[in-house]
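1. What shape does this take:
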Amino acid sequence: MNKGLVVLVVLFLFSSTLRAQTNFGPKGGLNFTFFNVTEGDFGTNPNTEVSYYVGVFAGFKIDNDFHIQPELLYIGISDFKFLNAPIYLKYDISSNFHLLVGPSLNYFFDFFSNRFKVRADISLEYDLTSRLNIQMKYTLGFEELSPDILFLGLGYKL
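-> This next block holds a predicted model:
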């Protein structure tokens, strides 16, 4: 876990030297978590919780329309708190509209076992201005205790 944080810090420091081809900044918003709970003969009972997330992102241009965008997010869902570190391949659909896909590395603080989970993310991002964007992302959990999450938020490029 400490190695991952060191890598992200190095990426953020490196991005300040390549200002023309990189961007970074804070982001945050709401998350909607979808739990599926099976209760005996009553079938599946979907349960949704609304919570928050805050974090930082860094974007590195690798080609005309492609970027690498790692993020580090702190997420709170009821009694559960965890770090979410997606590593996106970002494609510019147009100058203001972007598609992001990639793995999402998650570290849960509240579980006694299986604290680390790998998930899949897909995201759409729209630039409202040259610095402010809105983002909608969906995180797919592959395990029973790893719910699906929809994120709606804002990012600000410094």
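
2. Could you use CA atoms for every contact and neighbour count after this?
-> Noted.

3. Tell me what the closest residue to residue 69 other than its chain neighbours is bridged to.
-> Among residues not flanking residue 69 along the chain, residue 59 sits closest, at 4.4 Å (C-alpha to C-alpha, 6 or more residues apart in numbering). Here residue 59 sits in beta bridges with residue 23, going by DSSP bridges.

4. Then residue 106?
-> residue 84, residue 117.

5. Can you tell me how far it is from residue 128?
-> Using C-alpha to C-alpha, to the nearest Å, residue 106 is found at 29 Å from residue 128.

6. Same check on residue 136?
-> For residue 136, the distance to residue 128 - C-alpha to C-alpha - is 13 Å.

7. Would you mind telling me which of these two has the busier surroundings?
-> residue 136 (18 against 12; other C-alpha atoms under 10 Å).

8. from memory that one sits against residue 121, does it?
-> No. Using C-alpha atoms under 8 Å, residue 136 is not in contact with residue 121, being 10.5 Å away.

9. pLDDT below threshold where in the protein?
-> 1-21, 35-46, 111-114, 142-146 (pLDDT under 70).

10. from the chain's centre, how far out does stretch 50-63 sit?
-> 6 Å (C-alpha atoms, centre = their mean, to the nearest Å).

11. Then stretch 23-33?
-> Stretch 23-33 sits 7 Å away from the centroid of its parent chain (C-alpha atoms, centre = their mean).

12. Next, the residues that contact that stretch from outside, please.
-> Applying C-alpha atoms under 8 Å, 6 or more residues apart in numbering, the contact partners of stretch 23-33 are 12, 15, 48-60, 77, 147-158.

13. Next step: those restricted to strands.
-> If you go by DSSP state E, the contacts of stretch 23-33 have 48-60, 77, 148-156 in strands.

14. Drop anything exposed from these.
-> 52-60, 148-156 (16 or more other C-alpha atoms under 10 Å).

15. Could you list the buried residues of stretch 128-135?
-> Under the neighbour-count criterion of 16+ other C-alpha under 10 Å, stretch 128-135 has 133, 134, 135 buried.

16. and the host helix or strand of residue 68, which strands flank it?
-> Element membership of residue 68, judged by DSSP states H and E, is strand 66-77. Sheet pairing of strand 66-77 (DSSP bridges) gives strand 44-61 (antiparallel), strand 80-92 (antiparallel).

17. Only the buried residues of that strand, if you could.
-> Applying 16+ other C-alpha under 10 Å to strand 66-77 flags 66, 67, 68, 69, 70, 71, 72, 73, 74, 75, 76 as buried.
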